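>>> Structure for this input, please:
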Amino acid sequence: MKIIVPMAGRGSRLRPHTLTIPKPLIPVAGKPIVHRLVEDIAGVLNQPIEEVAFIIHESFGKKVEDDLIAIAQKLGAKGTIYYQNEALGTGHAIMCAKDSLAGSAVIAYADTLIRADFDLDTTADSVIWVKQVDQPEAFGVVNLNANGEIIELVEKPKEFVSDLAVIGIYYFKDVAVLKNELQSVLDNNIIHGGEYQINDGIKQMMAKGMKFVPGKVDEWMDCGNKDVTVETNSRMLGFLHNDGENLVSADVKLENSTIIPPCYIGEDVYLINATVGPNVSLGKGCHVIDSTIKNSLVQTHSNIKNATLDNAMIGNHATFDGNFTNISIGDYSVLE
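Got it, this is the predicted structure:
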């Protein structure tokens, strides 16, 4: 089994946090988004992962590539890096990894997180992972026949088709079949919205009578912009806390301070006259002094003092003093 992860974009909606690292490597509840994603997919598959292939932009650099390879290795898998240097769509991104497109595989876009516990139907040609939603007209959805098989993909239907939204994760019994159909999409210049789309390859597979079924996830969490990423961090902390996972490092230094769970507290964190939580992630090396923080995500080695923060997202090596008068703020920064 392989996992193919297109992640070529840095994530402009999450600036300034994505100016130095791409969005899929931003930590949520103490672990990079893409790391959590591949772990959760592997949990559903419940079988050894042979390879994790990442499709990135070449500008991401060697450190990002090394971090991604390490994520694969933690799953006992080979890590492979492919490049998509032009934003030509999901179908094009997948075909950038064509050398890895053989055998059974899951393709997953790296800007989403899930909680799922279902039995993967490995007899089907493909399983499209879906989530039941309240407003299906805002999503791409699947249309099912009487046997519960997917017969159509419908983008933002104006009339009700189903309430099962496509979440951007797909299992293929033999991903080489999809590769052949996407090659046809490229060769025939089949473009929608200015891009080559995975859906066009899937539709060609459906037209040839291949069996598609839905796999329903329990939770689907977005990491598209700052507000939803902070919300996703809070939700993930709650899930992990309820699972009994220890999220607070043993070496946290507390001085007249309180941690209100659920929180993730990394190594070498100092809390002095601080109240942290609920729903806060503090990365390695953070110092929080004379402050109250809740419902917030702080990355690593940041210093916060004299602050009252709620729904905040702070990056790496940042300094925030709530009594600020002397300010140095970079591109795309926001103070509200």
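
>>> Which residues are in contact with G209?
With C-beta atoms under 8 Å, 6 or more residues apart in numbering as the criterion, no residue contacts G209. The way it works is simple: take the backbone N, C-alpha and C, and place the C-beta from them, glycine included.

>>> do you know how far it is from I151?
11 Å (C-beta to C-beta, to the nearest Å).

>>> One more: P32?
Distance from P32 to I151, by C-beta to C-beta: 36 Å.

>>> So if I had to pick from those two, which one is more boxed in?
More crowded of P32 and I151, by other C-beta atoms under 10 Å: P32, with 20 against 11.

>>> I figured the more buried one hits V64, correct?
No - using C-beta atoms under 8 Å, P32 and V64 do not qualify as a contacting pair, with a distance of 10.3 Å.

>>> what do those two both touch?
L25.

>>> Number of residues surrounding N145?
Using other C-beta under 10 Å, N145 has 9 other residues around it.

>>> what residues are up against it?
N145 touches I151, counting by C-beta under 8 Å, 6+ apart.

>>> switch the cut-off to 10 Å
Neighbour list for N145: 151-152 [criterion: C-beta atoms under 10 Å, 6 or more residues apart in numbering].

>>> Also G140?
Neighbouring residues of G140 by C-beta under 10 Å, 6+ apart: 128, 130, 153-157, 165-168, 199.

>>> Quick check: it vs T112, distance?
For G140 relative to T112 (C-beta to C-beta), the value is 13 Å.

>>> same check, this time on N246
Distance from N246 to T112, by C-beta to C-beta: 25 Å.

>>> Between the two, which is the more surrounded one?
More crowded of N246 and T112, by other C-beta under 10 Å: T112, with 21 against 9.

>>> Is it possible to get TSV of the contacts of G140 that adds neighbour count, secondary structure and pLDDT?
What follows is these, written out as TSV (neighbours: other C-beta atoms under 10 Å; DSSP: H, G, I helix; E, B strand; the rest coil; pLDDT from 0 to 100):
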residue	neighbour count	secondary structure	pLDDT
I128	22	strand	96
V130	25	strand	95
L153	20	strand	94
V154	16	strand	93
E155	12	strand	91
K156	10	coil	90
P157	15	coil	90
A165	20	strand	95
V166	21	strand	95
I167	24	strand	93
G168	19	strand	92
N199	16	helix	94
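
>>> Show me which pair in these is furthest apart.
Maximum pairwise distance in these, criterion C-beta to C-beta, is 17.7 Å, between P157 and G168.

>>> buried ones in stretch 267-284?
By 16 or more other C-beta atoms under 10 Å, the buried positions in stretch 267-284 come out as 269-271, 274-277, 279-284.

>>> Between the two ends of that stretch, how far is it?
5 Å (C-alpha to C-alpha, to the nearest Å).

>>> Return, as residue ranges, the portions of the stretch 151-300 of the chain with sub-threshold pLDDT.
Regions of the stretch 151-300 of the chain meeting the criterion pLDDT under 70 are absent.

>>> mind listing what the closest residue to H317 other than its chain neighbours touches?
Nearest-residue entry for H317: H301, 5.0 Å, with adjacent residues in sequence omitted and distances by C-beta to C-beta, 6 or more residues apart in numbering. H301 makes contact with 266, 268, 283-287, 315-318 under the criterion C-beta under 10 Å, 6+ apart.

>>> Pull out the buried residues from the residues you listed.
266, 283-287, 315-316, 318.

>>> number of nearby residues for A87?
A87: 12 neighbours (other C-beta under 10 Å).

>>> does it sit in a helix, a strand or a coil?
coil (DSSP: H, G, I helix; E, B strand; the rest coil).

>>> For the remainder of this discussion, apply numbering that starts at 588.
Happy to do that; since the first residue is 588 now, the last one works out to A674.

>>> how far away is it from A680?
Distance from A674 to A680, by C-beta to C-beta: 9 Å.

>>> again, but for V741
From V741 to A680 the distance is 22 Å (C-beta to C-beta).

>>> domain assignment for the chain?
589-809, 832-908 (the TED database).

>>> and those as CSV, adding distance to S821?
Converted to CSV, the domains of the chain look like this (distance: least, C-beta to C-beta, whole Å):
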stretch, distance to S821
domain 589-809, 9
domain 832-908, 4
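
>>> Which one of those lies nearest to R822?
domain 589-809 (5.8 Å).

>>> Can you show me the helices along the chain?
Per DSSP state H, the chain carries helices over the ranges 620-632, 649-661, 677-682, 762-774, 785-794, 813-829.

>>> With distance to P801 as new columns, can these be given to me in a markdown table?
Output for those, formatted as a markdown table (distance: least, C-beta to C-beta, whole Å):
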| stretch | distance to P801 |
| --- | --- |
| helix 620-632 | 13 |
| helix 649-661 | 27 |
| helix 677-682 | 19 |
| helix 762-774 | 17 |
| helix 785-794 | 13 |
| helix 813-829 | 22 |
